[in-house]
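*Asks:* fold the following and give me the result.
(one chain, ligands or ions: 2)
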Amino acid sequence: MTTLPQISLAKLASDSIRLEEQQRLRMACEEYGFFYLEHGIPKEQIAEAIDASRRFFALPQATKERYGHASQDVYPVTARGYIPLHGEMLHPEAGPDPKEMFDLGIEKEGDRRPFAGITRLPDDTVAPGFARSLLALQATVLKKVVPLLGGALADLLDMEKGWFQRHFNPPTVLQRVIRYPSTGGAAAKHTDNGFFTLLLQEELPTRPLQVWFRECWTPVPSLPDSLVVNLGDMLQALSDDRFKSTPHQVAHDGPAERISLPFFIYPDIDARLTSRQGKHTFSVAEMMLRNFESVWEKGNGAGRARELQ
Ligand SMILES: O=C(O)CCC(=O)C(=O)O
Ligand SMILES: [Fe+2]
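*Replies:* Numbers count the residues shown, from 1 in each chain. Ligands and ions are numbered 1, 2, ... in the order given. Next up is the predicted model:
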């Protein structure tokens, strides 16, 4: 069985072995577009967010729907809030996905730019610990993981000094909580549209996440203390197509429900970026809005779904 490369965040941070680890990261990005990252996030913090999410999803449907897209005050409204089962379609041939979700972001009052602002979230009287544990996890991810991994990737892209700090200050974040029911859950094949995605998943003996590798669907089992990183379409473009934004899908058939916690990391919403060799130039806001239009208005699926057979 193929095992994805394992990269260590601590090694990327260490002066003595950073270069060696960066070369392994380069190989992971060029050959796979998917890898494990030993992250160092406390287990309890992840477990708390998963438990609180499970409790939220167990609430009555009418309670959850109070936080749906129609109640959100951000642009686009589809960027935040609760999405019921079969509420999203990642690939048009597969139809709507059997999964339930909640989306949040960097919560900043008064920020009216696309994909920014405040999510209408359930408070502790409705969903104890839900908002608090998810936002605490976001803070840890943004502090401990994103700058180190992002900086290492920017070095590999051969961007000028300070490129990452300039264009990810702050990053745009779509933080998602997904529940796949025990009776069968799925996310259809797609690519992610951003720079990279960090996926924290429950440690289960089953292997529902699958990556398209060497013309085969290959399972990506959870590994202790590691999250899964996959590269998105923006990073593929910024690498002049050297790095892979790899197709993936989820096929979950129980026996228990599965909670996963992806963080979709994008550059600053105001950034306009050009790849090193100049093959690709894009505005982050325009590319994100196009992707949302494809998923939510045109029914064409996510990322490069349309190109995937
Ligand atoms: O739940 C997972 O394991 C992956 C979900 C995913 O690929 C996505 O939401 O983009
Ligand atoms: Fe994905």
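
*Asks:* residues touching Pro84, list them.
*Replies:* 61, 64-65, 68, 100 (CB atoms under 8 Å, 6 or more residues apart in numbering). C-beta: built from backbone N, CA, C; applies to glycine.

*Asks:* just the buried ones out of those, please.
*Replies:* The neighbour-count test (16 or more other CB atoms under 10 Å) marks 64, 68, 100 as buried among those.

*Asks:* out of those, which touch ligand 1?
*Replies:* Among the buried ones among the contacts of Pro84, no residue sits close to ligand 1 (CB under 6 Å from any ligand atom).

*Asks:* so which of these are in helices?
*Replies:* Of the buried ones among the contacts of Pro84, the ones assigned to helices by DSSP state H are Lys64.

*Asks:* would you tell me which one of the buried ones among the contacts of Pro84 comes nearest to ligand 1?
*Replies:* For the buried ones among the contacts of Pro84, the minimum distance to ligand 1 (CB to the nearest ligand atom) is 11.7 Å, reached by Glu100.

*Asks:* is the closest one bridged to anything, and to what?
*Replies:* Taking DSSP bridges as the rule, Glu100 bridges to Arg179.

*Asks:* surely it meets Gly68?
*Replies:* No - in this structure, Glu100 is not within contact of Gly68 by CB atoms under 8 Å, at 11.5 Å.

*Asks:* where do the contact lists of these two overlap?
*Replies:* Common neighbours of Glu100 and Gly68 (CB under 8 Å, 6+ apart) are 83-84.

*Asks:* just put the buried ones among the contacts of Pro84 in CSV and tack on pLDDT.
*Replies:* As requested, these are arranged in CSV below (pLDDT from 0 to 100):
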residue, pLDDT
Lys64, 98
Gly68, 98
Glu100, 98
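
*Asks:* what does this structure have sitting close to ligand 1?
*Replies:* Residues of the chain lying near ligand 1 (CB under 6 Å from any ligand atom): 178, 187, 192, 199, 201, 209, 248, 250, 260, 262.

*Asks:* rerun that using 8 Å as the cut-off
*Replies:* Residues of the chain lying close to ligand 1 (CB under 8 Å from any ligand atom) are 90, 99, 176, 178, 180, 187, 190, 192, 197, 199, 201, 208-209, 228, 230, 248-250, 258, 260, 262, 264, 302.

*Asks:* among those, name the ones in strands.
*Replies:* Filtering the residues of the chain next to ligand 1 for membership in strands, criterion DSSP state E, returns 176, 178, 180, 187, 190, 197, 199, 201, 209, 228, 230, 248-250, 258, 260, 262, 264.
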